[in-house]
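> predicted model and sequence follow; I will ask about them next.
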Amino acid sequence: MSLAAKDRRLGWGLIAPALIWTAAFFILPFLAMLALSFATMDGREVVRGFDPGNYVRIFTDPTMLGALGNSLEITVVVTVISVLLAYPLAAIIAFRVPAQWQRLALLMAVLPFWTSYVVRSYSWLLVLGQNGVVNKALMGLGVMAEPLEIASTRAATVIGFVHFFVMLLTLTIYANLIQLPPNYARAAQDLGASRWQTFTHVILPLTLPGVVTGAFLTFVLCIGDYITPQILGGNAELTLPQLIMLQLGRSGNFPLASALSVVLMAVVTLAYFASSRWLRLDRV
Amino acid sequence: MEKRMTRTLSAIALLLTATPGLAQELNALVWCDHTDPALIAPFEEKFGVKVNLKEYEGTAAGLAILEQSQPGDWDVLVIDAVDVKRAVEGGHLAEIPADKLPTADFFPELVMAENNTVDGKTYAVTEKFGYNTISYDKSKVDPADMADMATLTSGKYDGRIGIYDYYLPVLGLVALGQGINTSDISADNLGSLKDPLMALRAASKQVADVVSAQTALATGEVDIIVGGGEWLTAVLAAENPNLDWTIPTQGALRWAQSIGVVAGSTQPDLALEFVSYIVSPEGQARLATSSCYWGMPANAKAGDALTPEQKAVLRWDQQPDFLARAQLYPIPDAALDTAMQDLWTEMLAQ
């Protein structure tokens, strides 16, 4: 056997566990879900077959389209706000905080990750509620006479999500910024570039992979979450994952839940292709 | 040599017996009130077994778990009393000997033989019940207003109402508000519930699950929970005595949960012992005051094991009146169930 053939066999041998894992726990379950999405319900029984009715319903039923629209709106808003907040935070940690304190600063930034997601959501409910910290502070300072209606609104959902995802994005952007040789910025400034020009023409393009990677992860995690809209949003509006949960937990309509999940995956896939040019998952 | 071998084997046997992980185990698919250690520990100690509990929400989810399990995976099932027949039709419940269970001590309305028996065979017994009605903070709303469901959509309490996120009881309440008995809800009259349901949604601030509804009421986010009851406010009563509940003139819904032995259980005798313990007066008192949620015990003799304070919170003395005014959950067939859930989803999306 030639050396090249040996190398090929070794290569396949090494990646085989990962391939088997992916096939067993992603590809096969996905194919099963895809097949189930074309099944129908007869009473409470699932009838296997090839009926695109679930997909027709998803794209014609105003409730389902509305849920898809709500999910997309919330996800885009959360992703944009999270990037806008996380970038300066990551830049401050990377460029302004002394090297020996950066590890501690990052630790502080991700500290809220250490609490349960559900507990954190309920905590936000107490902060944003009518008698919560925010309203009490605003009314105590005389800024407001009446408490703001924040809890059980989309704003509360967005705040809860942003709090979570800013931490994630800070890590991915910081990882990019810290790898950037300082000579690039110095060279740009030597050539007469202003600080803003240095940022827009040198630093931002070079750190874009980290930003896009973090934004993509934010998009994926945010669009698939049903807990935050339920707890903080008070079910004030329906999102796609909530609709899936309703089909699974209440109706037992697994075909429709599968079709909704396939649509959700299709949206994520589109987001992947849209960002693939800059996506560098190895930067996470 | 033989003696040494015997000693070694004895030591291994003792070790195995003393190892908690290897003790006999009972697997129960339950609602969260059964996960209170104060309820389960006495049974585990008495029988020297470990009770593994898995919580589920919604009959569909529970039945899906059973369908995806192997026979023998589960021993005990707690299920909505109105869904016992559905579980029996699916072949998930085993017949249990009714004569070995103290149903004669139950509140007569809670025997619910029409739900727990199929073709003369008993498959489950009622273990706990309560009401889906109106919970409120009496320091924030006029308790007299809560006696009439129409007040909720009068504009007076707009934005101060939360709706319990479960379509069956809330649609049942809306039906009662329209003068339709829960057992009379049909595909023909379901449409007439849409406007009042949407009006209720428009007057409400949120649609919330149990914990969110409790949090909202406790923090003053809302002052009224439609679909609430003692199960929602009782665990909060000690901290906030202003949280109360009532049954309006239009009536309320009575919820009830049943417990049975899962078909195919490899230890049906132990499973039956567990069921017997849960419906015994002591088990009933502990279940009634579970840390997850309170509710009335089906066994009237549990009253002897409850303190006067606990009975006051449960409105023990008012039960005859409440039972007379409350109706059971709607029991829709598959088509009506789908229509009701579609209406609920439409309400959520409003």
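Cool, got the structure. Numbers count the residues shown, from 1 in each chain, chains lettered A, B, ... in the order given.
> going forward, measure contacts between C-alpha atoms and count neighbours the same way
Will do.
> what are the ranges of the strands in the stretch 251-350 of chain B?
Listed in chain order, the strands of the stretch 251-350 of chain B (DSSP state E, counting those that start in this stretch) span B:252-261, B:296-297, B:326-328.
> partners of the first one in the sheet?
According to DSSP bridges, strand B:252-261 forms sheet pairs with strand B:76-80 (antiparallel), strand B:125-137 (antiparallel), strand B:326-328 (parallel).
> chain center to the first one: distance?
What it means is strand B:76-80. Per C-alpha atoms, centre = their mean, to the nearest Å, the displacement of strand B:76-80 from the mean C-alpha position of its chain is 9 Å.
> of the strands paired with strand B:252-261, which is nearest B:Val313?
Proximity of these to B:Val313 was assessed by C-alpha to C-alpha; the nearest stretch is strand B:125-137, lying at 12.1 Å.
> near chain A, which residues of chain B are found?
Within chain B, the positions near chain A by C-alpha under 8 Å from any C-alpha of the partner chain are B:57-61, B:64, B:205-208, B:212, B:219-221, B:334-335, B:337-338, B:341, B:345-346, B:348-350.
> quick check: next helix or strand after the helix or strand hosting A:Leu168?
Assigned by DSSP states H and E, A:Leu168 belongs to helix A:154-179. Towards the C-terminus, the helix or strand next in line after helix A:154-179, according to DSSP H and E, is helix A:182-190.
> related to what we said a few turns ago, can you name every helix or strand that the helix holding A:Leu168 contacts?
With contacts taken as 3 or more C-alpha pairs under 8 Å, 6 or more residues apart in numbering or on different chains; DSSP states H and E, helix A:154-179 sits against helix A:62-91, helix A:99-110, helix A:117-128, helix A:204-223, helix A:227-231.
> taking helix A:99-110 as reference, get the angle to that helix.
Between helix A:154-179 and helix A:99-110, the angle formed by their directions is 160 degrees, by axes from the mean of the first three to the mean of the last three C-alpha atoms, to 10 degrees.
> so how far is helix A:154-179 from its chain's centroid?
Mean-position distance between helix A:154-179 and its chain equals 9 Å (C-alpha atoms, centre = their mean).
> give me the neighbour count for residue 216.
As the question left the chain open, I've gone with chain A. A total of 22 residues lie near A:Phe216 under the criterion other C-alpha atoms under 10 Å in any protein chain shown.
> sorry, should have said chain B
A count of neighbours around B:Ala216, defined by other C-alpha under 10 Å, yields 27.
> on that earlier part again, export the strands paired with strand B:252-261 to JSON lines and tack on mean neighbour count?
Listed next are the strands paired with strand B:252-261 as JSON lines, based on neighbours: other C-alpha atoms under 10 Å in any protein chain shown:
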{"stretch": "strand B:76-80", "mean neighbour count": "26"}
{"stretch": "strand B:125-137", "mean neighbour count": "26"}
{"stretch": "strand B:326-328", "mean neighbour count": "21"}
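> quick check: which of the ones you listed is nearest to A:Arg96?
Among these, the nearest to A:Arg96 by C-alpha to C-alpha is strand B:125-137 (51.3 Å).
> then that closest one to PDB, C-alphas only?
C-alpha atoms of strand B:125-137 as PDB (Å, rounded to 0.1, in the frame of the first residue of the first chain):
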ATOM      1  CA  VAL B 125     -58.500   6.900  40.900                       C
ATOM      2  CA  THR B 126     -58.900  10.600  41.500                       C
ATOM      3  CA  GLU B 127     -56.200  11.900  43.800                       C
ATOM      4  CA  LYS B 128     -56.500  15.700  43.800                       C
ATOM      5  CA  PHE B 129     -58.800  18.400  42.600                       C
ATOM      6  CA  GLY B 130     -59.400  22.100  42.600                       C
ATOM      7  CA  TYR B 131     -60.800  24.900  40.500                       C
ATOM      8  CA  ASN B 132     -59.900  27.000  37.500                       C
ATOM      9  CA  THR B 133     -61.600  30.300  38.400                       C
ATOM     10  CA  ILE B 134     -60.500  33.800  39.300                       C
ATOM     11  CA  SER B 135     -57.500  34.500  41.500                       C
ATOM     12  CA  TYR B 136     -56.900  38.100  42.500                       C
ATOM     13  CA  ASP B 137     -55.100  40.400  44.900                       C
END
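> can you pull up the most central residue in the chain?
Reading this off chain A. Taking C-alpha atoms, centre = their mean, the centroid of chain A lies closest to A:Thr218, which sits 2.3 Å from it.
> that was the other one, I meant chain B.
Residue closest to the mean C-alpha point of chain B, counted by C-alpha atoms, centre = their mean, is B:Gln257 at 4.6 Å.
> redo the strands paired with strand B:252-261 as TSV? Include mean pLDDT.
Putting the strands paired with strand B:252-261 into TSV (pLDDT from 0 to 100) gives the following:
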stretch	mean pLDDT
strand B:76-80	97
strand B:125-137	96
strand B:326-328	94
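> any chance of the ones you listed in a markdown table with distance to B:Lys194 as columns?
Converted to a markdown table, those look like this (distance: least, C-alpha to C-alpha, whole Å):
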| stretch | distance to B:Lys194 |
| --- | --- |
| strand B:76-80 | 25 |
| strand B:125-137 | 19 |
| strand B:326-328 | 20 |
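> of those, which is nearest A:Trp278?
strand B:76-80 (51.2 Å).
> give me whichever of the strands of the stretch 251-350 of chain B is most buried.
The highest mean neighbour count among these belongs to strand B:296-297 (a mean of 29), with neighbours defined as mean count of other C-alpha atoms under 10 Å in any protein chain shown.
> quick one: average confidence on that strand?
For strand B:296-297, the per-residue pLDDT values average out at 96.
> stretch B:102-117 now?
Stretch B:102-117 comes out with an average pLDDT of 96.
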